[in-house]
Structures are given as structure tokens and as C-alpha cells.
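**Q** Sequence and predicted structure below; questions after.
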Amino acid sequence: MSRSRQFWLGFALRAAPIAFLFWLYSAGLRAWFQQDDFAWMLLRRTLNTPADWFWGMVTPYAQGTIRPISERLFFVWGTEFFFLDPRPMHLVVALTQCASLLVFFSLLMRLVGNRLAAALGCFVWLVSAGMATPMSWLSTYNQILISFVFLSALRAFILAADTGRRRWLVLSWAAFLLGFGVLEINVVFPAILTAWLMLYRRDLWRKSLAFWAVAVAYAAVHAAWAAKPGEGVYARHWDLSMVHTYLRYWGSALAGGGVVHEWGWPPQSWIWAAWGIALAVAAVLAARRSDSVTRAGLFGAIWFSAVLGPILPLRDHFSDYYLASAAPGLAMAFASAALVAWRLAWPARAAIVLALTAHIALNAAMNLEITRWRFERGERFRVLVEGLERAVTLHPGKTIFVSGLDHELFWSCFHDKPYVLFGTAQVYLFPGDEKSISGEPSLGSITHYVAPAALVARALDAGSGVVYRFDGTVLRNVTQRIRASLPAGWRTSRPEFLDAGLPEWDSLLQDGWYPAEPNRMRWMSRRASLILGCPTVGKQTLFLEGYCPRDAAANPLVLTVWAGKTRLGEVIVDRRQSSFSAELPVPEGAVSGGEAVVRFEASGAIQVPGDARELSVAFGRIGFR
Amino acid sequence: MRKLIVLTAAAALLASPACKRKRHPNPMATIEEESPLASTVPVADPAASSQLLSGFHAVEQNAWRWSARKFSVSLAVPKEAAARGANLQLVLTLPEAVAGSMLGVTVQPSVGGRTLEPYRVTKTGEQTASFDVPKELLNTPAVIAEFELDKVVAPREGESRELGLVVAQVSLVAK
């Protein structure tokens, strides 16, 4: 073959998987923001000073995660420059995956020495179970980026080993160290590296020791710094269930697992398919145990297992997207098995063709389903969030009540308070709408998202509230219609919680309060009281959210709370923090008769020069739940 | 090749801040209830479009419209304007792109048929032209404010419209 044809063939084999990526994930790469995306978008609003930026990047978030590059900086950049336009962020995802495919192609060329097999490996990785979610949901970009980190760190290390050039080793280290800012599972890279050294270059095994030392140090610091949940879906179970979880991930990776219902197949058929595919690949590789290509298959299986290792204790949080960064290992196994099979007799070829066909058909179909689903739900979220943005712009300062939300719209969008992006927290579900939304205990309570009926009545009567209804394609202002048909009892009812800074509640605030602040909070002097409606059934707590001026010298401030005549307890407010929240249990029978007087007494107060007021704490939301 | 990669990456980083623009909410994202006549008319707001009587081109970037040589708007008269008079305010922009031919353009307003003091646009960029409206013109629930420019950008190849100024908002504010 001429050099020119060689070049163009090589180019085509590298370009084809990239073109396939954009075809397969075209819907996903246009999907709008969803779920955790909104919480990450809000991060930018909290970063104002250098200290905010530092702590904002290193403070462990939910489940003890610290991923400054792949989550925090990624979303800060996107929110700052493109706000509600997710396309530039999707472009970054796609370009990262393109770069990974090129590095993966190069790695496979080094391991199996065949361009067709390398291209096949890239295709198999692209259709792998787990790829659809990170290719369509921006919060899981970490999976795409950590794959790039693993691949580039390993490829650079291999180049350093092959050429002896120091710059490749520096590049490998740079990628490895950056990986700690991408995803915690970066700690498994030394295991991947050691596996390669043991299989291909045992003479260099000592080179992995420094990688191990850094990974162990990171793991120790992370364990000390980031608290891990002891219960719930993110609790870790260090027991035999890890074996089951491991096999389950293998099964899902090999044969999807989510699409057979759509096709009318028996529910367990994907498990049989997974076993069939696994046996076919293993049998082919076993037939040429000593072949250097077979070693690539073994290395792929080790890669897959090593990357999944850290998440195996998460028994109750089985998520397909964890497979995205493990999938290159599976793709390596398939690529090497295909190459080995082609050197064997026809039964081996037939077995691998069947296995590959089943694997690709099941996984590609599932990935297409997932990306379409993510795109379609994203469009609904876009309608809601853009509608809220416009509502906030048209009605500045007014309280917004939203009706017509279903389970998905609430829990995957509204729940993360996207409206705070537009500078308001005064957005509520319309009372009664919560009945069409079933609970999600792992995500918290819906009750404090629902407006008290009394707030709706007072806000609409005062002209300080508007009601919008989500009708599928647009948010429709229905304020006048709702105001005309408000139930009479809403105007006389007492709210079970209130925002102390809303003027609608002035009549419920008794002594000790100052006028509302522009930020919807309200200061109290040393003592204050207010009236709340109280629930008639079930266990109750009184929750408080507020602000206390930082003053380390007078730390802590003690806030004593009563409901009716019952002393509920003391809230110890840490004055080194500016905001506080607390929840106090309400003994049975402590409040009755539909309403209760809640009283506060603070242990101290301050006076600001030029202001005669005695200020203790400022309250936001207060209420029973 | 390496230089090309570095330059591309640097250009991407530098381009990012340039992508930051003042955001305008999607005007199609909500359907508002029929509202009474307003004294402030954001010209891009569909809810207020019925108050744009003549001389406005299509909404651009969800924020503004080009005017023609003559344009007019109906405005509600604020409560206290009949007693104290009002200011007619026109939020306009003279883009750099047309400054060569339009700098120095004069805006001549009239309310209820009476001409007011004109405003001369002597700089580019966004600015607010304010016109004093005597109280005797404001004894009705609503007035029609008309504007006329002494020059425009004539239609040319690729642009068949007559372009005056970029208008964002017209309002009547009680003194």
C-alpha cells in the first residue's frame, strides 16, 4: 500500500469513531441542564472573595466529593460566560471525548498493533453502557474527563518507557496529578499502571512506586477531610455484596440491561446475553493464552475492574455512568479478542462476531434511548426555567407561585432551586400541587417548597404575588383567574411556615421585630415573637433559618425558643459562620388549637455605629414541619 | 503543529470572556395575562407590543427594535402626571456601525399633537433622551407619543429597511 493510502486509511480509521460519536450522541449533546446541574450553576453566586474561591473549590460536597476541575470550575466557567446555554459545555464534553478516542486509538495500536482492531476498540467504547449519561448530562462530565486523564497518563508513561524521554514521564505525572481534581477514582491509576508494567515491562515496575505513594497519600487526606455518609444510598458496604455489585456492573457493561423490556424480551434475557458474550470473549482469548494480543485483553479486564473498585461498596447506588471510565478496559478486551479470533478457525470468528453484534446492538439501542430521554426531559426543564427567568424579570420583587409541575419536573429541576440563578428565592409550588408529586425520601421533603395557602391569598390580594401554570410548552400567567377563585379559608388561615422578611406577614409578627430588609430577611432585637399555624397530626419540628453577624469574640450566641408555653430548647449559633439553621423537636401536645405563639430570646445583641437598633439575629424562614 | 494547538487554546480562553453578553430572557417563555395599558413600554416585550403603534421593526436579541424615521407609541398617563407633569423618556442606542451617517441625528417628539423640545444624539452607545411634557397634555388616561428623526440610514444592498435608532424602551414618568 502506498504511503498516501496508508495515511488516508489511518486518518479514516481515527476519524470514523469521532464521526460516530457525534451521530450516536447528537441528542445528548443538545440536552438542556438537569438535576444537579442547577446546584452547580448556583455555585458561582457564592464565590466573591479569594477565600470563597479557595473554600468553594476544596470543601467536600454531598457524599464527600471534591472535584474542582470536572464539576466546580467546569460549571463556574459555563455559568459565568454562557449562563443558560449548555451548548459550549457540551462542546467541551465532546472535544474531550474526541481527544480520548485519539489517545485510545494510539494506546490500542501500541498494545495490539492493528489499526482495524484499534478502530473497533474505539467504536466499542463509544457504544458501551454508561456512555450515554455523561454524553448528555453535564454533571457527569467527570467520567469523560477522568477517562482522558487515565488514557493520557498511561499513554505518556508508555511513551516514556519506550523512548526513554523524560518529557513523556513529566506529562504522565502532570495528567495523573490533575486527575485528583477530576474524580476521586484517580487513586486507581497506579493499579492500572502496575498492571501494564507487570504484563509488558516488568523491568520498570519500580517506576510505579511513586504513583502509589501519591495515591495512598491522597486517599488518606481525602478520608480525613471528607466525611462519608454512614447511611442512605451513598453508605458504603464493605461486605460480600461487593461481589454481586461487581458482577452486576460486568453484566450491564456487556449487555446493557435496560432495553430488553422495550423489545418484549424476557426480563432476564440480558443476563443470559451477558454471560454468552463474556464466555465467547474469554474462550477466544484463552485459546491463545501466550499471544501478546491476548495480554491486551487481560489488561483491559484489569482496567475495567480497577476503575470500578472504589464504587463497589456503594451497594445501593448502582449507576450506569460509572461504567463510562471503566469501558475502555472492556473495549480493549473486545478489540484483542476480535484480533485473536481472526487468526483462529471459523467457529472462533463466528463466536466473536455474534458476541460483538449482541454487545453493540444491546448497548447502542440503550444509549440511544437514554440520550433521547435526557434530551426530551431537558426541553421541559428549559421551558420551566426560562419561564421562571422571564417571570422574575417581568415581576421583580414579587413572590411567584408555580403550578402544574409533575414528579419529574419537580425532583429533577425545581427541587434544585434554579430560580435562585435569577436572584430570587421567593418561588413556591402552588398549594395542592404537591399531591401530584410522589415523595423521594432520599432527596428530602417537598413540604417547604409548597407555599402556605395564607401566603398565596395575602400576596395575590396585595398584588405582590403572581401565579404561573406550566402547560408543557410555556409558563402561563394565571394570576387573575386564580385570584378570582381562591378558597375563602385561605384568606383567614395561618401559615405553618413563613419568610420573616415578607411584608405579607407583618400582622403575624408580634413584638421585637424591625422592618424587613431588602434581602427578605428581618432582624429581631434581643427578644421577639410571632404567630404560626401548626399542623394537627404527626410528629413536628420547628425549623429556623437565619443570619447572625460574625463575631468570634462573642461566640457562641444562644437562642432560646418557646412554642406556646413549652420551652423547645436552645440553638447554639456559631458566630464564626454567618448563616445558621436549626431544627427543634416539638413535644406532642405542646401546640394545639391551630396556631401557636413562637418566642425567641437571644443571649446577646450588637449595635452598629450610626444605627440605634439592638440586633441579635436576622431570620429568613421559620416554621413547623 | 504544537504552536497551533497552543494558539488555539489561548484563543479559546481569551474568547470566553468576550462571549459574556447582557442576557435577555426569552420573551416567548411565558404567556402573560392581558394587561392594562402601561406607562412604560419595553419595546421587545410581547405583552406591550400592542402599544407600539407604528415605525418599529422586528425584535432583535430579545431586547430592542430598530425604529424607522417616524415611530409612535401609546402610553398610559401615570396617576400624578396630570397634576405635576411628566417626563417622556426614550431609551435609545446609536450603534458604532451607523455612527458615520447618524451621529448628530435629532429626535423630535410630540405628545397629543404638540411638539416638545428636541434631543440631539451627539454620542454613540446607550443613552436616555428625556423630554419635558406639560401637565395640560396629560388630562387623559392615555396619550400617543410620536417621534421623528431628521435623518436615517437609507435602505441599501442586503438591508431593505430604513433604519433610524435602536430603541429599547419608551416611558412616561410623573415628575
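**A** Received, thanks.
**Q** where in the chain is pLDDT low?
**A** This is for chain A. In the predicted model of chain A, residues A:1, A:62, A:257-264, A:267, A:290, A:535-539, A:552-553 satisfy pLDDT under 70.
**Q** oops, chain B please
**A** B:1-22, B:34-35, B:47.
**Q** all strands for chain B, in order.
**A** Per DSSP state E, chain B has strands spanning B:30-31, B:40-42, B:52-60, B:64-76, B:86-94, B:106-111, B:114-115, B:119-120, B:125-133, B:142-149, B:166-174. These are given in chain order.
**Q** who wins for proximity to A:S529 among those strands?
**A** A:S529 sits nearest to strand B:30-31 of all those, at 39.7 Å, using Cβ to Cβ. For glycine as for every other residue, the C-beta is placed from the backbone atoms N, C-alpha and C.
**Q** Mind listing residues that contact the closest one?
**A** For strand B:30-31, the external contacting residues (Cβ atoms under 8 Å, 6 or more residues apart in numbering or on different chains) are A:387, A:390-391, A:394, A:468, A:474-477.
**Q** can you narrow those residues to ones near chain B?
**A** Applying Cβ under 8 Å from any Cβ of the partner chain to the contacts of strand B:30-31, one finds that A:387, A:390-391, A:394, A:468, A:474-477 fall near chain B.
**Q** Give me the subset of the residues you listed that lies in strands.
**A** Members of these lying in strands (criterion: DSSP E): A:468, A:475-477.
**Q** most surrounded residue in the ones next to chain B among the contacts of strand B:30-31?
**A** With neighbours defined as other Cβ atoms under 10 Å in any protein chain shown, the most crowded of those is A:Y468; it has 28 neighbours.
**Q** Can you give the contact residues for stretch A:94-101?
**A** Counting by Cβ under 8 Å, 6+ apart, the neighbours of stretch A:94-101 from elsewhere in the structure are A:14, A:17-18, A:21-22, A:25, A:29, A:122, A:125-126, A:135, A:141, A:144-145, A:147-148, A:151.
**Q** what's the answer for stretch A:376-389, then?
**A** Stretch A:376-389 is touched from outside by A:31-34, A:38, A:84, A:400, A:402, A:405, A:408-409, A:412-414, A:418-419, A:421-422, A:427, A:468, A:470, A:472-475, B:25-26, B:29-30, with contacts defined as Cβ under 8 Å, 6+ apart.
**Q** Going along the chain, name the helices of the stretch 451-600 of chain A.
**A** Secondary structure of the stretch 451-600 of chain A, counting by DSSP state H, counting those that start in this stretch: helices at A:453-462, A:479-484, A:488-492.
**Q** Okay, buried residues for the shortest one please.
**A** Neighbour counts over helix A:488-492 (16 or more other Cβ atoms under 10 Å in any protein chain shown) mark A:W490 as buried.
**Q** I'd assumed B:E146 was in contact with B:A68.
**A** No: contact between B:A68 and B:E146 fails when scored by Cβ atoms under 8 Å: they sit 11.9 Å apart.
**Q** Using a markdown table, lay out the ones next to chain B among the contacts of strand B:30-31 together with distance to A:V307.
**A** Supplementary listing: those in a markdown table, determined by distance: Cβ to Cβ, whole Å:
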| residue | distance to A:V307 |
| --- | --- |
| A:G387 | 41 |
| A:R390 | 44 |
| A:A391 | 44 |
| A:L394 | 49 |
| A:Y468 | 45 |
| A:V474 | 44 |
| A:L475 | 43 |
| A:R476 | 47 |
| A:N477 | 50 |
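**Q** Tell me who's in contact with residue 143.
**A** Because you didn't say which chain, this covers chain A. A:Q143 makes contact with A:130, A:133-134, A:183, A:321-322, A:324-325 under the criterion Cβ under 8 Å, 6+ apart.
**Q** please go with chain B instead
**A** B:74-75, B:77, B:111-112, B:137, B:172.
**Q** picking up where we left off before, out of the contacts of stretch A:376-389, which end up buried?
**A** Buried positions within the contacts of stretch A:376-389, assessed by neighbour count (16+ other Cβ under 10 Å), are A:31-34, A:38, A:84, A:400, A:402, A:405, A:409, A:412-414, A:418-419, A:421-422, A:427, A:468, A:470, A:474-475, B:25, B:29-30.
**Q** Just the ones in helices from the residues you listed, please.
**A** A:38, A:409 (DSSP state H).
**Q** Need the nearest residue in space to residue 56, chain neighbours excluded.
**A** Reading this off chain A. Residue nearest to A:G56 in three dimensions, not counting chain neighbours: A:L47, with 5.0 Å by Cβ to Cβ, 6 or more residues apart in numbering or on different chains.
**Q** right idea, wrong chain: chain B
**A** Nearest non-adjacent residue to B:F56, counting by Cβ to Cβ, 6+ apart: B:R65, 4.6 Å away.
**Q** residues in chain A within reach of chain B, list them.
**A** Counting by Cβ under 8 Å from any Cβ, the residues of chain A close to chain B are A:77, A:80-84, A:88, A:383, A:386-387, A:389-391, A:393-394, A:468, A:474-481.
**Q** ok, now with 6 Å
**A** Within chain A, the positions near chain B by Cβ under 6 Å from any Cβ of the partner chain are A:81, A:83, A:386-387, A:389-391, A:393, A:474-477, A:480.
**Q** Please identify which two of those residues are farthest apart in space.
**A** Between all members of the residues of chain A next to chain B, the longest pairwise span (Cβ to Cβ) is found for A:F81 and A:Q480 and amounts to 38.9 Å.
**Q** between these two, who's got more neighbours?
**A** A count of neighbours by other Cβ under 10 Å puts A:F81 above the other of A:F81 and A:Q480, at 17 against 14.
**Q** wait, is the more buried one part of a strand?
**A** No: counting by DSSP: H, G, I helix; E, B strand; the rest coil, one finds A:F81 to be helix, located in no strand.
**Q** and the gap between it and A:L354?
**A** Using Cβ to Cβ, to the nearest Å, one obtains 49 Å as the distance from A:F81 to A:L354.
**Q** ranges for the strands of the stretch 501-625 of chain A?
**A** A:522-523, A:527-533, A:540-547, A:557-563, A:566-573, A:579-586, A:595-602, A:618-624 (DSSP state E, counting those that start in this stretch).
**Q** For the second one, which residues meet the burial criterion?
**A** Judged by neighbour count (16+ other Cβ under 10 Å), strand A:527-533 contains these buried residues: A:528-533.
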